[in-house]
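Q: structural data only, the sequence is not supplied:
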Ligand code: BG6
């Protein structure tokens, strides 16, 4: 069915994710004239009225929805629901007047309980389910969750959401490689000697201790978002962008990906921020934040080096890194070129190897070149060809939600892909749990522990 025919049921409608990301995503779809006929049902444990739900919709969708707003508000309803109770879920699904898309915008532990409870519910025809990352807490639980989901619905009606796949720059990794010989021709171990996939944020905990303190940077960012970025950046290009082809290509490269030299201790680092300041605002010590259990040793900065055992990438280190409360935020994929095999004698190198950088936000592509610049003709100068991308009209959540409403799974996470991402990080999780890698510290606002050599 097209999105017009669906009821979107947001379970977790009163939560942070719905207000900050999902509804603004929907607003971006409405702004371009999509989803105007949607039936929007809010559901959650809180005792909200229909009116309160409509107020939230008015506040988040109002400016973008234009003429569609009155209809959306009129069709909108709120159903108080215990997300872990089969009877309540049955009643919720029955409240939909069209084929339901049940979107679990709830914490992963509750989502697992919801999936268990749904086993006792006869799902209405045409039901589809959307879930948020992280899928499970390790490889075994992800496999278990996938098995439960498979009992409920066929895989093409289960959508695992990772909004990084909706970011225009992430999708651009495919177009950029596929359409530009100048990039794809060097995109291998002969042309490139190191890749970094970095998502360093200045944001700190932001009141999310309940979830974040049990996840940490490795699970929150690397296990999910960054490994999917790696899959798109490093895969063999698929023959089409249909879900099966794309997921097959991603799966193939992920299956070849392992922690470097199989040595999780040598290939990973972790750290946690202490008190500091970012842009003049003080940031409290992570360990003293409300809801944080310091004895859990949750990291807020994680770095893992992986390698890909394929003819294209063998031996090329790929650094995955993400952290919070960092002073110099940067989000990018950066591929450093191998040095030229020979420079004519008398020509001085510019220093270091030039790189291709794809900045994720703000969107930018930079290709560095070394040229005989102004001044001494015997000295090479580094120049950079920079292009700004314009961000898409839709937010990342808007992209993914629009696809899911239309039944297109290409930019969602197939079950086996999610399990494979857990398989890759599992040795690191084990090494960290056993304290075989020290938890270091860095002041909020810095670029990480002072003992860590900065990334180039
Ligand atoms: C979320 C993580 O999935 O992605 C957050 O839980 C992180 O911790 C966020 O801040 C980053 O994505 P974006 O698109 O908001 O930059």
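A: Yep, it's here. Owing to the predicted nature of the structure, the values given are computational and were not obtained by experimental measurement.

Q: tally of neighbours for whichever residue of the chain sits closest to the ligand?
A: Going by C-beta to the nearest ligand atom, the ligand is nearest to residue 220 of the chain, at 4.8 Å. Using the backbone N, CA and C atoms, a C-beta is placed for each residue, glycine as well. Counted by other C-beta atoms under 10 Å, the residues lying close to residue 220 total 23.

Q: got it, and residue 335?
A: Neighbour tally, residue 335, other C-beta under 10 Å: 23.

Q: quick one: residue 43 is in a strand?
A: Yes - counting by DSSP: H, G, I helix; E, B strand; the rest coil, residue 43 falls inside a strand.

Q: with adjacent residues omitted, what lies nearest to it?
A: Leaving aside its chain neighbours, residue 43 sits nearest to residue 81 (4.2 Å; criterion: C-beta to C-beta, 6 or more residues apart in numbering).

Q: which ones are touching the one you found?
A: Listed by C-beta atoms under 8 Å, 6 or more residues apart in numbering, the contact partners of residue 81 are 11, 43, 44, 45, 88, 89, 91, 92.

Q: for the closest residue to the fourth one other than its chain neighbours, helix, strand, or coil?
A: Leaving aside its sequence neighbours, residue 45 sits nearest to residue 82 (C-beta to C-beta, 6+ apart; 6.4 Å). Per three-state DSSP, the local secondary structure of residue 82 is coil.

Q: ok, residue 82 touching residue 92?
A: No - using C-beta atoms under 8 Å, residue 82 makes no contact with residue 92, being 9.6 Å away.

Q: that older thread, now do the contacts for the residue of the chain closest to the ligand.
A: Contacts of residue 220 (C-beta under 8 Å, 6+ apart): 134, 212, 322.

Q: out of those residues, who's nearest residue 265?
A: Nearest to residue 265 out of the contacts of residue 220 is residue 322 (C-beta to C-beta; 19.6 Å).

Q: tell me the average confidence for the strand or helix carrying the closest one?
A: Assessed by DSSP states H and E, residue 322 sits inside strand 318-323. For strand 318-323, the mean pLDDT works out to 98.

Q: and whichever helix or strand comes after it, which strands flank it?
A: Per DSSP H and E, the first helix or strand lying C-terminal to strand 318-323 is strand 330-337. Sheet partners assigned to strand 330-337 using DSSP bridges are listed as strand 192-200 (antiparallel), strand 355-359 (antiparallel).

Q: what is the burial count for residue 369?
A: 13.

Q: is it in contact with residue 383, as I believe?
A: Yes - using C-beta under 8 Å, residue 369 is in contact with residue 383, at 5.6 Å.

Q: quick one: low-confidence ranges for the stretch 351-456 of the chain?
A: Scanning the stretch 351-456 of the chain with the threshold set as pLDDT under 70 gives 454-456.

Q: quick one: the helices in it?
A: Using DSSP state H, counting those that start in this stretch, the helices found in the stretch 351-456 of the chain span residues 396-405, 415-433.

Q: next, the buried residues of stretch 295-313.
A: The neighbour-count check on stretch 295-313 (16 or more other C-beta atoms under 10 Å) flags 298-308, 310, 312-313 as buried.

Q: pull the most distant pair out of the residues you listed.
A: 298 and 312 (35.3 Å).

Q: and stretch 131-145, what's its mean pLDDT?
A: For stretch 131-145, mean pLDDT rounds to 93.
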